[in-house]
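Q: Build me a structure from this.
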Amino acid sequence: MCSCADFAFATFAFLEHGPNTNYDKESHLTVRAAATWLIIAGEELVASGSPSTKYDYTSRAGSLWKAEGGTNTVDVKRLRFWKDRFQQIRESRRLVSQEAVDATIEAAVALDRLIAAQG
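A: Residues are numbered from 1 along each chain as shown. Presented below is the predicted three-dimensional model:
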């Protein structure tokens, strides 16, 4: 059975893939879901250390994250990458609702808190 963290990591996949991919098509919705996961369960996601390999998340890690030398570990580097991606998506002006724009800001705040907690 999947844990909530596994669903969260699947949601974050859109951050790790570039524009014009299947992951990007629904970013105006996915950005809100990902922000919610960070706000509600961000500490648990970081504490998990990495997504479950049982669901082969590593093979689904996005090309953008892989290009950064990213691993399957949830560490400060990955949290900063996600924060940068939320900002890039916000600044792209592709989000169709103010709620989605607001979610990127809320996600950045949650990520700042998680990064600071890592020391």
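Q: Break down this protein into its helices, ranges please.
A: Remark: helices assigned in the chain by DSSP state H are 4-12, 27-48, 57-60, 63-67, 76-91, 98-117.
Q: The last one: how far from the chain's middle?
A: Looking back up the chat, that one is helix 98-117. Relative to the centre of its chain, helix 98-117 is centred 10 Å away, using C-alpha atoms, centre = their mean, to the nearest Å.
Q: what is the rounded mean pLDDT of stretch 90-100?
A: Taken as a whole, stretch 90-100 has an average pLDDT of 90.
Q: Please point out which parts of that stretch sit buried.
A: Residues of stretch 90-100 classed as buried: 90, 95, 100 (neighbour count, 16 or more other C-beta atoms under 10 Å). C-beta coordinates here come from the backbone N, C-alpha and C atoms, glycine included.
Q: Touching it from outside, list them.
A: With C-beta atoms under 8 Å, 6 or more residues apart in numbering as the test, stretch 90-100 has contacts from 19, 27, 28, 29, 31, 32, 89, 101, 104, 105.
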